[in-house]
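[1] turn this into a structure:
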Amino acid sequence: MNADIWIGVAAGISTTLQMTAIGFIGGAILGIPLVFMRLSNIQVIRWGTRAFIELVRGIPMLVWLFLVFNGPTQFDPSLGRVFTSFNSAVIVLCVVSGVYMAEVYRGAVRAISKNQWEASDALGLRTVDKLRFVIGPQVGRVAIPSAANYAIGLVKDSSLISTIGVFEITYYATNLYGTLSSPVPFYVAGMYYLMITVPSAWLARTVDVRLRSKVAA
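    I've put the predicted structure just below:
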């Protein structure tokens with residue numbers, strides 16, 4: 001393979017990593033209030049949050065990208081300065097990640113034994129201390145495998161942001177394909193994605209094993 005192709009596609013690696021990190025971290029943060037609202041004792045909040053989560057999950061990310069990037073400018077063209085391709089990608093990645101992470105957290109919370117909650121209450125721990133020292137570490141350990149799998153999937157899903165003009169791996173591969181009329185740039189892009197996702201999966205498994213040894217089952 002021509003070295004120029006490898007170099008050309010590699011120009012998008014930093015953006016792919018940056019957008020994945022922003023999307024995952026933003027989603028991990030957004031997922032916290034969402035899971036509290038999803039588990040709320042107030043029915044209206046619980047149902048409203050569930051409806052929001054199902055709405056976001058029910059529409060493909062590609063559609064959300066076009067809605068956010070193109071939608072606002074249909075009402076006011078000047079909004080194009082705000083909803084740039086980069087900003088639109090960040091918004092969509094963070095919101096979509098947020099609803100998925102909320103479900104990851106919810107599953108982890110449900111997996112915690114009822115005895116752990118009761119033992120925390122018996123010790124008279126404050127809610128903050130209960131979450132920090134007892135429930136939180138266990139939720140983190142349980143959530144890591146699912147969160148890691150989602151993060152790896154997000155690396156691949158980030159390729160969709162090329163459709164609205166974000167210069168990441170797939171964007172450069174597509175441009176080179178148009179210039180060379182050869183599928184080689186996409187093979188190179190695939191190799192770069194593997195170089196990112198395989199070590200990430202190994203790291204996630206390593207962290208999971210270490211946490212399992214520290215947190216009581």
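[2] could you point out the longest helix in this protein?
    In the chain, with assignment by DSSP state H, the single longest helix is helix 184-214.
[3] for it, packing partners?
    helix 3-10, helix 13-38, helix 136-157, helix 169-180 (3 or more CB pairs under 8 Å, 6 or more residues apart in numbering; DSSP states H and E). The way it works is simple: take the backbone N, C-alpha and C, and place the C-beta from them, glycine included.
[4] does residue 16 touch residue 171 like I think?
    No: using CB atoms under 8 Å, residue 16 is not in contact with residue 171; the gap is 9.3 Å.
[5] ok, those two, which is more surrounded?
    A direct count of neighbours by other CB atoms under 10 Å for residue 16 and residue 171 places residue 16 higher, at 26 against 23.
[6] gap between residue 3 and residue 9?
    Separation of residue 3 from residue 9 (CB to CB, to the nearest Å): 11 Å.
[7] wait, residue 22 touches residue 91, no?
    No: using CB under 8 Å as the test, residue 22 is too far from residue 91 to be in contact (10.3 Å).
[8] burial check on residue 5, number of neighbours?
    Residues near residue 5, counting by other CB under 10 Å: 20.
[9] what sits against it?
    176, 180, 184-185, 188 (CB atoms under 8 Å, 6 or more residues apart in numbering).
[10] let's go with 7 Å and repeat that
    Going by CB atoms under 7 Å, 6 or more residues apart in numbering, residue 5 touches 176, 184-185, 188.
[11] distance to residue 47 and pLDDT added to the residues you listed, as TSV?
    As requested, the contacts of residue 5 are exported to TSV (distance: CB to CB, whole Å; pLDDT from 0 to 100):
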residue	distance to residue 47	pLDDT
176	48	93
184	51	93
185	47	94
188	47	95
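[12] top of the residues you listed by neighbour count?
    residue 185 (25 neighbours).
[13] how much space separates that one from residue 68?
    Separation of residue 185 from residue 68 (CB to CB) stands at 28 Å.
[14] how about low-confidence regions in this structure?
    1, 117-118, 121, 126-128, 133, 211-217 (pLDDT under 70).
[15] which of the three states applies to residue 124?
    Classification of residue 124 using DSSP: H, G, I helix; E, B strand; the rest coil returns coil.
[16] one step back: and the angle for the longest helix of the chain with helix 169-180?
    170 degrees (axes from the mean of the first three to the mean of the last three CA atoms, to 10 degrees).
[17] report the angle between helix 184-214 and helix 13-38.
    Using the same axes, to 10 degrees: helix 184-214 against helix 13-38 is 50 degrees.
[18] just the buried residues of helix 184-214, please?
    184-186, 188-189, 192-193, 196, 204, 211 (16 or more other CB atoms under 10 Å).
[19] quick one, phi psi at residue 113?
    phi -60, psi 140 (degrees, to the nearest 10).
[20] from residue 134, how far off is it?
    In terms of CB to CB, residue 113 sits 11 Å off from residue 134.
[21] more crowded one of the two?
    Per other CB under 10 Å, whichever of residue 113 and residue 134 has more neighbours is residue 134, with 18 against 11.
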